[in-house]
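Novice: missing the sequence, but the structure's below:
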DNA sequence: TAGAAGTTTCAGAAATTTTTGAAACTTCTG
DNA sequence: CAGAAGTTTCAAAAATTTCTGAAACTTCTA
């Protein structure tokens, strides 16, 4: 049985900070806190330990580690002789970030691009003010560029966007830099 | 009085797509829809027109355009002879994006960096497993790099991250790419 | 294989966010 | 200056998200 283990202040601070980042990325704050506690722990913890340290219900821990696993951010590990499941944090930041971008950001931007394309097509057929269509096309171009940038970011494994400089400029009005 | 003007399907499609992007960035979906309607309209619209086209309450329109103005994404324009206020969309994508990043993303990452630094400091004093401190420091390094990258992005006006390649690598484990 | 240990599920509770609608307020006009 | 037109504010309602806790389920052990 696990001894009581009131998370030290320093861990709380870090976990909460990471929680904010993760929330900003559209996940539940709890996911970020759990990952951080596992990461700082340096080794696998059981669901019960997480529960205890983060004061969550059994259900919340179960759902959260489930989601974290689906995102490849936490792994389930088997400890010989232990009855409980244990969980450990993925430590490769790049792996985690690129996966989220690949699966989520990409899906969003591609869906947006598709819908904008459909909107342009509709407008074209409807006829009417050509400048309106022009503006819609500008939105579409932007989405297309964004998609390309994200794709390159994910596949190159590098945060080097310079090759897209001209495309980005394309979208911006003439002036400035 | 404004004639009824049921937003064409194409506009709805586009507005909703942009709404999703904006929601992803942590704003209300309605803000994205309003901006898009204004953007596609190509010229100023009154609150009543927005209200009508987007089927929102007077209060919601007022609050939304207020927020959009605070973010510099929509401007209030005065039309001589008109009693109503009118609003028009900012059209410089870069201006809008960089401002949001400057004011919001930056605030987040800097707050996170500060808190992580505080957590490291606490850990150092508390003593205990030095590897734990090491891990916390790694988080801090990452936040510091992220802050630098964002800063450069905003000030250079360019999506060129290449100069940070080595720093990013610093944070990643040895292997790969 | 009975039962203990551990985990997942999910309906409802709680918390949070967003919207409404109407009153208060402001600004114009005759 | 009275009142009409337009806008903002904000408390309460509605919608949405997240969490809880207990029952159902699974897996291991004796």
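Specialist: Looks like it arrived, so ask away. Just so it is clear, the model here is predicted, and its values are computed rather than measured.

Novice: count the neighbours of the nearest residue to residue A:21 once chain neighbours are set aside for me.
Specialist: Among residues not flanking residue A:21 along the chain, residue B:112 sits closest, at 5.7 Å (CB to CB, 6 or more residues apart in numbering or on different chains). In short, each C-beta sits where N, CA and C put it, glycine included. For residue B:112, the number of neighbouring residues by other CB atoms under 10 Å in any protein chain shown comes to 24.

Novice: near DNA strand C at all, the helix or strand residue B:112 falls within?
Specialist: In this structure, residue B:112 sits in helix B:106-126 according to DSSP states H and E. No. Judged by CB under 7 Å from any atom of the strand, helix B:106-126 makes no contact with DNA strand C; its nearest approach is 14.4 Å.

Novice: I'd like the average pLDDT over that helix.
Specialist: Mean pLDDT, helix B:106-126: 95.

Novice: list the helices and strands it packs on?
Specialist: Counting contacts by 3 or more CB pairs under 8 Å, 6 or more residues apart in numbering or on different chains; DSSP states H and E, the secondary-structure elements packed against helix B:106-126 are helix A:9-24, helix B:130-156.

Novice: and the contacts of that helix?
Specialist: Residues outside helix B:106-126 that contact it (CB atoms under 8 Å, 6 or more residues apart in numbering or on different chains): A:8-11, A:13-14, A:16-18, A:20-21, A:24, B:132-133, B:136-137, B:139-140, B:143-144, B:146-147, B:150-151, B:154.

Novice: can I have the buried ones of those residues as a PyMOL selection?
Specialist: A single PyMOL command suffices to select whichever of the contacts of helix B:106-126 are buried according to 16 or more other CB atoms under 10 Å in any protein chain shown:
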select buried, (chain A and resi 8+10+11+13+14+16+17+18+20+21+24) or (chain B and resi 132+133+136+137+139+140+143+144+146+147+150+154)
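
Novice: what separation do you get for the residue of chain A most remote from its centre and DNA strand D?
Specialist: In chain A, counting by CA atoms, centre = their mean, residue A:128 sits farthest out from the average C-alpha position, at 40.1 Å. Distance, residue A:128 to DNA strand D, by CB to the nearest atom of the strand, to the nearest Å: 26 Å.

Novice: same check, this time on residue A:130
Specialist: Counting by CB to the nearest atom of the strand, the gap between residue A:130 and DNA strand D amounts to 30 Å.

Novice: confidence score at that residue?
Specialist: The predicted local confidence for residue A:130 comes out at a pLDDT of 96.

Novice: same check, this time on residue A:163
Specialist: Residue A:163 carries a pLDDT score of 48 in this model.

Novice: coming back round to it: what residues sit buried inside the helix holding residue B:112?
Specialist: By neighbour count, with 16+ other CB under 10 Å as the criterion, the buried positions of helix B:106-126 are B:106, B:108-110, B:112-113, B:115-120, B:122-123.

Novice: repeat for stretch A:88-97
Specialist: Of the residues in stretch A:88-97, those buried by neighbour count under the rule 16+ other CB under 10 Å are A:88-90, A:92-97.

Novice: and that stretch, how far out from the chain middle?
Specialist: Once both centres are worked out by CA atoms, centre = their mean, to the nearest Å, stretch A:88-97 turns out to sit 12 Å from its chain's centre.

Novice: cool, and stretch A:83-101?
Specialist: With CA atoms, centre = their mean, you get 12 Å for stretch A:83-101.

Novice: is DNA strand C contacted by it?
Specialist: Yes. With CB under 7 Å from any atom of the strand as the measure, stretch A:83-101 is seen reaching DNA strand C through A:83-85.

Novice: so for stretch A:50-67, mean pLDDT?
Specialist: Within the predicted structure, the mean pLDDT of stretch A:50-67 is 95.

Novice: roughly how far is it from the heart of the chain?
Specialist: With CA atoms, centre = their mean as the basis, stretch A:50-67 stands 20 Å off its chain's centre.

Novice: quick one: end-to-end distance for that stretch.
Specialist: End-to-end distance of stretch A:50-67 (CA to CA, to the nearest Å): 15 Å.

Novice: do it and chain B meet at all?
Specialist: No. Among the residues of stretch A:50-67, none lie within reach of chain B under CB under 8 Å from any CB of the partner chain; the closest is 13.8 Å away.

Novice: what lies in contact with that stretch?
Specialist: Contacts of stretch A:50-67 with the rest of the structure, by CB under 8 Å, 6+ apart, involve A:2, A:4-7, A:11, A:15, A:27-28, A:30-31, A:33-34, A:37-38, A:45, A:47, A:74, A:76, A:87.

Novice: again, but for stretch A:19-34
Specialist: Outside of stretch A:19-34, the residues that reach it under the criterion CB under 8 Å, 6+ apart are A:15-16, A:18, A:35-36, A:50, A:54, A:56, A:60-61, A:64-65, A:67-68, A:73-74, A:100, A:104, B:24, B:26, B:108-109, B:111-112.

Novice: give me that answer again for 6 Å
Specialist: The list of residues contacting stretch A:19-34 from outside it, by CB atoms under 6 Å, 6 or more residues apart in numbering or on different chains, reads A:15, A:18, A:50, A:54, A:64, A:68, B:108, B:112.
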